[in-house]
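Asker: Next comes the sequence, and after it the predicted model I'd like to discuss.
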Amino acid sequence: MNWSDVLKAVIPIVVMSLAWLLGQVNNFSERLTQIEGKMPALITKEGTPTDSPISAEKRAAIKEQIYKDINDLHVRLKLLEERQSQAQKR
């Protein structure tokens, strides 16, 4: 086997590999452009992350539940304190 036969066999493989590599670079470039396009929606100019509507909605629901729980605990505590003060008066 001489070098010309080797080159004839290897050159198409190298060309296909380069074409595949360029395709992957182009695909990566497109994905990066899409991500960069979405960045302003995710991060403010100050660099702090913003909430997605779903995340903000879930956080608001959790916050409301926490406030309800705190209020319930305050009511229970007040009732316990009243019972304790009535028990001490007797």
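Answerer: Sure thing, it's come through. On a predicted model such as this, the values are computed, not experimentally measured, just so you know. Numbers count the residues shown, from 1 in each chain.
Asker: From the contact counts, what lies against the lowest-mean-pLDDT helix or strand in the chain?
Answerer: The helix or strand of the chain with the poorest confidence is helix 3-42; it has a mean of 89 (mean pLDDT, DSSP states H and E). Using 3 or more C-beta pairs under 8 Å, 6 or more residues apart in numbering; DSSP states H and E as the contact test, no helix or strand touches helix 3-42. Using the backbone N, CA and C atoms, a C-beta is placed for each residue, glycine as well.
Asker: What is the subsequent helix or strand relative to that helix?
Answerer: Remark: after helix 3-42, the chain's next helix or strand is helix 53-89, criterion DSSP states H and E.
Asker: list the helices and strands that following helix packs on?
Answerer: Here helix 53-89 touches no other helix or strand, going by 3+ C-beta pairs under 8 Å, 6+ apart.
Asker: average model confidence for that helix?
Answerer: Computed over helix 53-89, the mean pLDDT rounds to 92.
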